[in-house]
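Peer 1: Return atomic coordinates for the entry below.
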Amino acid sequence: MALRRLSASGIPKKHDYVIVGAGSAGCVMAHRLVKEHGASVLLLEAGRSNRGSWDSWKNQMPAALTFNLANDKYNWDFHTVPQRHLDGRQLHQPRGKILGGSSSLNAMAYVRGNALDYERWAKEIGSEHWGYQHVLPYFRKAQRFSGEASPYRGKEGPLAVGRRRTEVVRAINDAFVEAGVQAGYPAAEDMNGFQQEGFGQMDMTVDENGARASTANCYLWPLLKPQTEEDRQAAERLTVLTTATTQQLIFDGNRAVGVEIADASGNVHQAFAEAEVILCAGSVGSPQLLMLSGIGDAAELEKHGIAVRHHSPGVGNNLQDHLEFYIQFLAKHTSLYPYAATFGGFGGLSRYLFRRPWNAVTSGLGWFILGKGMSATNHFEVGGFIRSAPGKQHPDVQYHFIPGCVVGQLDFLPEHGYQAHCGTMRPTSRGTIKLASRDPSAAPLIDPNFLATEQDVVDQRNAFRVTHEILRQKAFDPFVLKPFCPDETFNVEDDAAVDAWIRQNSHSGYHLSCTAAMGSVVDEEGKVLGVEGLRIADASIMPSMSSGNLNAPTIMVAEKIADAVRGVRLPPQEDATWYQPKDWETKQR
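Peer 2: Take a look at the predicted model:
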């Protein structure tokens, strides 16, 4: 595998496929095409490598995940437009600008979603091939699960998935699971298996050595240091260029044949594909590139003086994202705060300060030397999935529990506490990605349009109240000191007060999706409708959101579309079934 920065020396040769974006999907696609399809691939990444820099440890150490969200060196660092239904606030939208994309920045939660999400997809797309029994084989193909084998788990794939327990905070993590059960919800042994609903341990993309299992680490780097002759031959067919920003697609008639790319100095190059150009630039980058190339809503393109190649009004529409809030309590003892960093510095020399540096040194050395300890986990070790009201057929609320209180999204409060990250998973509000200008370097206008429907407001309100109930169960009696946010004076029964608090305190879950949806912009194999030689394989082609974090489903989509490029399909897993409560129409738990 040739890995280098794009520079004035240009691009070495023509390839079978040009893939735009070496993120969660692009690394998967490149790996499968060179290794299983025997194709030559040029993989383009606007950001830098995830290895080799002095600060690369930050995107390798699981516990350092907040450092990446605050670092625009590896991050597009987008923000939404002012959100009308969130009191005009602009929310942060970090996206990976690095090999591995957002899988090199994210919180490493491995969540597949619910089986009924994919049954819904099959109906929305009009194809049984996106139903649960058809997508489960691709989840399994990708996965190398460290736990016990089951019909729902893969053991031989590239993507390392496992569970971790931090002994220092194990008791309070267990209290959260027990509180969920005390509140009347089930325990869930495997939330990525037969039964998603309930409380239990969460899976994370952390490998056997305690490092982040990004798609760059799991799919790309094994080809850089091949262990087998097969891998060595595959690596010879792959060229990876970093600091290579794709500005526009190149067409010959109605067929996409290549891309225009700018290097770090602004020099423009061209790269050509014999077979296809495949966009894996994500739910922001893929529709942005389509629009810059004349594929999108004609009226929008004409506003920016862009010649219309193909009128496709679905491009950039149907944007969906998860909205989350944190309910926080102060604790008498037991949390992560003695180990956590705060963000600050002196004269710009340092942005990260540790309140108890001796703890940081100990946990850091444990990770650097042994790949173990406090730094070898994302600390989202337990969580839950519940239904917010009767009539919800499967869970629509997700929890990530963390034994610490975070101010904003990055700073740990300097005292013991705990918080539940809570949000609804299938919003009915729809937003847009639009161009700010025809300049490819201009950040697009991201408008998730959060809480635009009354149903979303009601669902979030219900989620807020059931979360308060869960966090007040007896399981927390040994730990709880007092409510922190909202505090003890807050009236949980006041609809207006709850709605106002949610508007003022919610954050994006960073799960942008659905902006080039199957059935609207692309067909069921990711081929862009209205043109030839162009395909998309990332979260933008999801027709609707899955119920949970999006990294695992994005990897599944890339695995499945990679087989579509090859003209093959894994057989469906016809014996796969899923849990559904019999009384869901009349009972919430």
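Peer 1: hey, which helix or strand in the chain has the poorest pLDDT?
Peer 2: Sorting the helices and strands of the chain by mean pLDDT, DSSP states H and E puts strand 352-354 at the bottom, at a mean of 50.
Peer 1: Does the closest residue to P553 other than its chain neighbours fall in a helix, a strand, or a coil region?
Peer 2: Among residues not flanking P553 along the chain, S546 sits closest, at 4.6 Å (C-beta to C-beta, 6 or more residues apart in numbering). (C-beta placed from N, C-alpha, C; glycine too.) Per DSSP: H, G, I helix; E, B strand; the rest coil, the local secondary structure of S546 is coil.
Peer 1: ok, now which ones touch S546?
Peer 2: 112-114, 117-118, 425, 553 (C-beta atoms under 8 Å, 6 or more residues apart in numbering).
Peer 1: same thing with S335?
Peer 2: So S335 contacts 169, 172, 403-405, 416-418 (C-beta under 8 Å, 6+ apart).
Peer 1: Just the buried ones among the contacts of S546, please.
Peer 2: Buried by 16 or more other C-beta atoms under 10 Å: 112-114, 117-118, 425, 553, out of those.
Peer 1: what's the farthest-apart pair in those residues?
Peer 2: Y118 and M425 (14.0 Å; C-beta to C-beta).
Peer 1: hmm, back to that, so which of the contacts of S546 belong to helices?
Peer 2: In helices, defined here by DSSP state H, the members of the contacts of S546 are 117-118, 553.
Peer 1: picking that back up, list the ones among the contacts of S335 that fall in helices.
Peer 2: I172.
Peer 1: Which residue ranges of the stretch 201-350 of the chain form strands?
Peer 2: 203-204, 238-242, 245-252, 255-262, 268-279, 295-296, 310-311, 323-331, 341-343 (DSSP state E, counting those that start in this stretch).
Peer 1: possible to save these as JSON lines with mean pLDDT, mean neighbour count and distance to N449?
Peer 2: Formatted as JSON lines, the strands of the stretch 201-350 of the chain follow (pLDDT from 0 to 100; neighbours: other C-beta atoms under 10 Å; distance: least, C-beta to C-beta, whole Å):
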{"stretch": "strand 203-204", "mean pLDDT": "98", "mean neighbour count": "25", "distance to N449": "31"}
{"stretch": "strand 238-242", "mean pLDDT": "95", "mean neighbour count": "24", "distance to N449": "34"}
{"stretch": "strand 245-252", "mean pLDDT": "97", "mean neighbour count": "19", "distance to N449": "27"}
{"stretch": "strand 255-262", "mean pLDDT": "97", "mean neighbour count": "21", "distance to N449": "30"}
{"stretch": "strand 268-279", "mean pLDDT": "96", "mean neighbour count": "21", "distance to N449": "24"}
{"stretch": "strand 295-296", "mean pLDDT": "98", "mean neighbour count": "28", "distance to N449": "18"}
{"stretch": "strand 310-311", "mean pLDDT": "98", "mean neighbour count": "16", "distance to N449": "23"}
{"stretch": "strand 323-331", "mean pLDDT": "96", "mean neighbour count": "22", "distance to N449": "11"}
{"stretch": "strand 341-343", "mean pLDDT": "53", "mean neighbour count": "17", "distance to N449": "30"}
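Peer 1: And those strands: which comes nearest G162?
Peer 2: Nearest of the strands of the stretch 201-350 of the chain (C-beta to C-beta): strand 203-204, 6.8 Å.
Peer 1: so how far is that closest one off the chain centroid?
Peer 2: 13 Å (C-alpha atoms, centre = their mean, to the nearest Å).
Peer 1: what's next to it, contact-wise?
Peer 2: Against strand 203-204 from outside (C-beta under 8 Å, 6+ apart): 62, 108-111, 145, 161-164, 191-192, 377-378, 380-381.
Peer 1: go again using 7 Å as the cut-off
Peer 2: Contact with strand 203-204 is made by 108-110, 161-164, 192, 378, 380, as judged by C-beta atoms under 7 Å, 6 or more residues apart in numbering.
Peer 1: Check the gap between V521 and G113 for me.
Peer 2: For V521, the distance to G113 (C-beta to C-beta, to the nearest Å) stands at 21 Å.
Peer 1: just S49 next, same as before
Peer 2: 31 Å.
Peer 1: So, low pLDDT: which residues of the stretch 351-500 of the chain?
Peer 2: Confidence mapping of the stretch 351-500 of the chain against pLDDT under 70 gives the ranges 351-361, 409-410.
Peer 1: show me where it has strands.
Peer 2: 352-354, 382-386, 397-402, 406-407, 411-412, 417-424, 432-434, 445-447, 480-485.
Peer 1: For the residue nearest to G519 when sequence neighbours are not counted, give me its contacts.
Peer 2: Take G519 and drop its neighbours on the chain: the residue closest to it by C-beta to C-beta, 6+ apart is I125, 4.8 Å away. Neighbouring residues of I125 by C-beta under 7 Å, 6+ apart: 518-519, 524, 543.
Peer 1: out of those residues, which are inside strands?
Peer 2: Here DSSP state E is the test, and the contacts of I125 give no hits in strands at all.
Peer 1: Name the member of those with the most neighbours.
Peer 2: The most crowded member of the contacts of I125, judged by other C-beta atoms under 10 Å, is M518 (25 neighbours).
Peer 1: pretty sure it contacts E524?
Peer 2: Yes: under the criterion of C-beta atoms under 7 Å, M518 makes contact with E524 at 5.7 Å.
Peer 1: all helices of the stretch 151-300 of the chain, in order?
Peer 2: Remark: helices assigned in the stretch 151-300 of the chain by DSSP state H, counting those that start in this stretch are 170-182, 215, 221-224, 229-236, 282-292, 298-303.
Peer 1: Quick one: closest of those helices to G10.
Peer 2: Using C-beta to C-beta, the helices of the stretch 151-300 of the chain put helix 229-236 closest to G10, at 19.8 Å.
Peer 1: What is the burial count for I502?
Peer 2: 21.
Peer 1: For L550, see how far away the nearest residue to it once chain neighbours are set aside is.
Peer 2: Counting by C-beta to C-beta, 6+ apart, Q460 is the residue found nearest to I502 once chain neighbours are left out, at 5.3 Å. Distance, Q460 to L550, using C-beta to C-beta: 19 Å.
Peer 1: So which of the contacts of S546 is the closest to E324?
Peer 2: M425 (10.0 Å).
Peer 1: ok, now which ones touch the closest one?
Peer 2: The contact partners of M425, taken as C-beta under 7 Å, 6+ apart, are 322, 396-398, 545, 547-548.
Peer 1: Which pair of those residues spans the longest distance?
Peer 2: The widest separation within those (C-beta to C-beta) is 13.4 Å, between V397 and M545.
Peer 1: Show me what the lengthiest helix in the chain is packed against.
Peer 2: Longest helix of the chain, by residue count under DSSP H: helix 454-471. Applying 3 or more C-beta pairs under 7 Å, 6 or more residues apart in numbering; DSSP states H and E, one finds that helix 454-471 contacts helix 170-182, strand 323-331, strand 417-424, helix 495-505.
Peer 1: which neighbours does the shortest one have in its sheet, and in what orientation?
Peer 2: Pointing back at strand 417-424 there. Strand 417-424 has its sheet partners listed here by DSSP bridges as strand 323-331 (antiparallel), strand 397-402 (antiparallel).
Peer 1: about what we covered before: how far off centre is the longest helix of the chain?
Peer 2: Its chain's C-alpha centre and that of helix 454-471 lie 23 Å apart, by C-alpha atoms, centre = their mean.
Peer 1: now stretch 148-155
Peer 2: 22 Å.
Peer 1: separation between I541 and I125?
Peer 2: 10 Å.
Peer 1: so what sits against both of those two?
Peer 2: Shared contacts of I541 and I125, counting by C-beta under 7 Å, 6+ apart, come down to M518.
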